[in-house]
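> could you look at this predicted model? Sequence included:
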Amino acid sequence: MLTADATIEEVDDFQHPYTFDVTTPFMSLRLAATNEQERQEWKVALENTIIQVAHSLRGYLLKKGGIGNAFAKKFFILHRYVIHCPL
């Protein structure tokens, strides 16, 4: 999951050119594009997403329903007045 404090950094890897790292508090990924233009397009897209995430609210809510009308704790993201609850 991308967070507001995620970073994108180019990596010098002679075996895998056009590589970059995506680092968040939850995980680190090393990704490789097929060429420099694709790497730059990925970086721009990810950086734009990080900016959007910085302007979103995230947290947990209690959803009533299911078996016996029990409450279930669900993660949510509020972005531009839309609530998204990933499964």
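It's in. Model, not experiment: these values are computed from the prediction.
> what are the ranges of the strands in the protein?
7-11, 19-23, 28-32, 57-64, 71-79, 82-84 (DSSP state E).
> I'd say residue 6 and residue 23 touch.
Yes: taking C-beta atoms under 8 Å as the definition, residue 6 is a contact partner of residue 23 at 6.5 Å. Glycine gets a C-beta too; all of them are placed from N, C-alpha and C.
> between the two, which is the more surrounded one?
The neighbour comparison of residue 6 against residue 23 (other C-beta atoms under 10 Å) goes to residue 6, with 20 against 14.
> which residues touch the closest residue to the more buried one other than its chain neighbours?
Closest residue to residue 6 apart from its sequence neighbours, by C-beta to C-beta, 6 or more residues apart in numbering: residue 24 at 4.4 Å. Residues in contact with residue 24, defined by C-beta atoms under 8 Å, 6 or more residues apart in numbering, are 1-3, 5-6.
> domain ranges for this structure, per the record?
1-55, 57-87 (automatic domain parsing).
> ends of the longest one, what's the gap?
When you say that, I think you mean domain 1-55. Domain 1-55 has its terminal residues 15 Å apart, counting by C-alpha to C-alpha, to the nearest Å.
> ok now that domain, how far from the chain's centre?
How far domain 1-55 lies from its chain's middle: 10 Å, per C-alpha atoms, centre = their mean, to the nearest Å.
> that older thread, out of the strands of the chain, which comes closest to residue 50?
Relative to residue 50, the nearest member of these by C-beta to C-beta is strand 7-11, separated by 7.8 Å.
> dump the C-alpha coordinates for the closest one into CSV.
In CSV, the C-alpha atoms belonging to strand 7-11 read as follows (Å, rounded to 0.1, in the frame of the first residue of the first chain):
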residue,chain,number,x,y,z
THR,A,7,9.7,7.1,-1.7
ILE,A,8,10.7,6.3,-5.3
GLU,A,9,14.4,5.9,-6.0
GLU,A,10,16.3,4.9,-9.1
VAL,A,11,18.8,2.0,-8.6
